[in-house]
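Novice: heads up, no residue letters with this:
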């Protein structure tokens, strides 16, 4: 497999394809996981990251619209938190605001694929939200990426950044095209924390001093290549936590510090850049034996998720948020 095809495998996990916008939960006895749609109509086509922010609300990036939305996790009401960010390139189906994170009450957006190397004229990096329609670029990740290329020859010099995670008064950033994790300070300094082979790093989660990272895996995105790894900033030797879920795009902790992953689903094998088959995504739980147990399947192109209590809020590229209730229970061996 040529590195250019593998390096662009992140696009596979993000390209919006036509399909029925559904996630059907099989009726189960009370207490077992069940799913319902909280809201739809979001424009996450080119980027749909998420976080829990002030007031316990969900904050969602809408890459194609260049904005961040606030979603009430109870009512599903959607309001615009900030707008005017660089918009994603709808021609390639990816980019713009990809993820959002808070430090205190201040929001920061990760913006990718908006610079001149892909026909844009904006900065690839981290934007601080100063007010609902004003932003300050605090870190130019695109310039760093050009000046410090990865080991493989990239198709996009500025990279394809995917996830943003607040950590130690700064940020961790995954680049699924350049296959590495970056460390970014609030002062705008960018450095490479850890580099990987062609594994397509995606989602991030942090517990104390340990960093957890999902990998989508290279083409053909077989389940054995979908992994969650862990490492510490002072001991950069990755440990495999779990493997066996195709196209992993995110990782989060649920109730009882149980670890979960989000699989986009089964790759359709059409070719480089093609997505998983519709409605083949799944929320999966990490088992003690380093494998995954499916909590809920039938998810349609999920891109990120968050936990509030015992419920997982799954954001999809087709503009929906699904709530999976009763995630941790004895059937899935969750820690209590």
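Specialist: That came through fine. In this text the structure is predicted, and so the values were computed from the model without any measurement. Numbers count the residues shown, from 1 in each chain.
Novice: Give me the pLDDT for residue 248.
Specialist: According to the prediction, residue 248 has pLDDT 95.
Novice: Do I have it right that residue 57 meets residue 69?
Specialist: No: counting by C-beta atoms under 8 Å, residue 57 does not reach residue 69; the two are 9.7 Å apart. From N, CA and C alone the C-beta is placed, and that goes for glycine too.
Novice: out of these two, which sits in the more crowded spot?
Specialist: Of the pair residue 57 and residue 69, residue 69 is the one with more neighbours under other C-beta atoms under 10 Å, namely 25 against 19.
Novice: For residue 265, list the residues it contacts.
Specialist: 246-247, 276-282, 299, 301 (C-beta atoms under 8 Å, 6 or more residues apart in numbering).
Novice: Kindly recompute the last result at 10 Å.
Specialist: 13, 221, 245-247, 249, 275-282, 297-302 (C-beta atoms under 10 Å, 6 or more residues apart in numbering).
Novice: For the closest residue to residue 287 other than its chain neighbours, give its distance to residue 265.
Specialist: Once flanking residues are discounted, residue 287 sits nearest to residue 293: 5.6 Å by C-beta to C-beta, 6 or more residues apart in numbering. Counting by C-beta to C-beta, to the nearest Å, the separation of residue 293 from residue 265 is 16 Å.
Novice: Same check on residue 110?
Specialist: The separation that residue 110 has from residue 265, given C-beta to C-beta, amounts to 24 Å.
Novice: before we move on, the earlier item: model confidence score at the residue nearest to residue 287, please.
Specialist: 97.
Novice: which element is it on?
Specialist: If you go by DSSP states H and E, residue 293 is part of strand 292-299.
Novice: May I have the strands that pair with that strand, each with its orientation?
Specialist: strand 281-286 (antiparallel) (DSSP bridges).
Novice: so how far is the partner strand off the chain centroid?
Specialist: From the chain centre to the centre of strand 281-286 is a distance of 14 Å (C-alpha atoms, centre = their mean, to the nearest Å).
Novice: mind listing the helices for this protein?
Specialist: 3-7, 9-12, 141-147 (DSSP state H).
Novice: between residue 57 and residue 69, what contacts are shared?
Specialist: Joint contacts of residue 57 and residue 69 (C-beta under 10 Å, 6+ apart) are 79, 81.
Novice: Count the residues that sit near the closest residue to residue 304 other than its chain neighbours.
Specialist: In this structure, residue 304 finds its nearest non-sequential neighbour in residue 50, 4.5 Å apart by C-beta to C-beta, 6+ apart. Residues lying near residue 50 (other C-beta under 10 Å) number 26.
Novice: mind showing which ranges of the chain have poor pLDDT?
Specialist: Applying pLDDT under 70 to the chain flags residues 1-30, 90-92, 270-275, 329-336.
Novice: what do you get if the cut-off is 50, keeping everything else the same?
Specialist: By pLDDT under 50, the low-scoring segments of the chain are 1-29, 272, 330-336.
Novice: The residue nearest to residue 204 when sequence neighbours are not counted: how many residues sit nearby?
Specialist: Distance criterion C-beta to C-beta, 6+ apart; nearest residue to residue 204, sequence neighbours excluded, is residue 165 at 4.0 Å. A count of neighbours around residue 165, defined by other C-beta under 10 Å, yields 21.
Novice: Does residue 188 touch residue 138 like I think?
Specialist: Yes: using C-beta atoms under 10 Å, residue 188 is in contact with residue 138, at 5.3 Å.
Novice: list residues touching both of these two?
Specialist: Contact with both residue 188 and residue 138 is made by residues 125-126, according to C-beta under 10 Å, 6+ apart.
Novice: Report the separation between the residue nearest to residue 304 and residue 165.
Specialist: Residue 50 sits 12 Å away from residue 165, going by C-beta to C-beta.
Novice: All the strands of the stretch 1-150 of the chain, in order from the start?
Specialist: 34-39, 50-52, 58-62, 67-71, 78-83, 96-103, 106-112, 125-131, 134-140 (DSSP state E, counting those that start in this stretch).
Novice: Give me the sheet partners of the first one and which way each runs.
Specialist: Going back to what we said before, that points to strand 34-39. strand 321-325 (antiparallel).
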